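Chemist: Let's see this in three dimensions:
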Amino acid sequence: MQFKNTDELKAALRGHIGTTQYHRNGFCLPHTDGVADLIEIASCHWWISDMSVVARMKPKVRAHNFQVWKLVVKGGKATSYIEDGNDNLLYKQSYSMTDFPEGEFSVWVEGGIIILPSEH
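Modeler: Below is the predicted model:
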């Protein structure tokens, strides 16, 4: 499924308000049904995997039980941010190309589990 922007993607995931199980694949941290759907419908395993590795390996990031992962896409390029929930930047990574929808999209990490904000 192709989305024009992150608003369309968010609308497609709006129904996720909890989870029935935790998923684990590849390098990804455990994640909810909503994040599993995000990975599938937006083909963004690459982003979740990259940020999962950072969350495990960077002590500055790992020290935070709560994290906000943001992906900002403009013109086919992306920048990913990990913040502490208080707008303090913990990590930043740029991607020279992506087919992720334009706009900003966020997931949260609570206690080592990746969730959609609506699943909190």
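Chemist: Give me the neighbour count for residue 2.
Modeler: 9 (other C-beta atoms under 10 Å). For the C-beta atoms, the positions are set from N, CA and C on the backbone; glycine is no exception.
Chemist: ugh, wrong one, I meant residue 15
Modeler: 9.
Chemist: Show the contacting residues for it.
Modeler: With contact set as C-beta atoms under 8 Å, 6 or more residues apart in numbering, residue 15 has no partners.
Chemist: and it, how far is that from residue 44?
Modeler: 19 Å (C-beta to C-beta, to the nearest Å).
Chemist: what residue lies at the spatial centre of this structure?
Modeler: Closest residue to the average C-alpha location of the chain: residue 107 at 4.2 Å, with C-alpha atoms, centre = their mean.
Chemist: I'd say it and residue 116 touch.
Modeler: Yes: Residue 107 lies in contact with residue 116 (C-beta atoms under 8 Å); the separation is 6.1 Å.
Chemist: Give the residues shared as contacts by these two.
Modeler: Joint contacts of residue 107 and residue 116 (C-beta under 8 Å, 6+ apart) are 35, 38.
Chemist: Can you tell me the element residue 10 falls in?
Modeler: helix 6-13 (DSSP states H and E).
Chemist: one step back: is the residue lying closest to the residue nearest to the centre of the chain once chain neighbours are set aside in a helix, a strand, or coil?
Modeler: Closest residue in space to residue 107, ignoring its immediate chain neighbours: residue 69 at 5.0 Å, by C-beta to C-beta, 6 or more residues apart in numbering. Following DSSP: H, G, I helix; E, B strand; the rest coil, residue 69 is assigned to strand.
Chemist: what's near enough to touch residue 69?
Modeler: Counted by C-beta under 8 Å, 6+ apart, residue 69 has contacts 51, 80-82, 106-109, 114.
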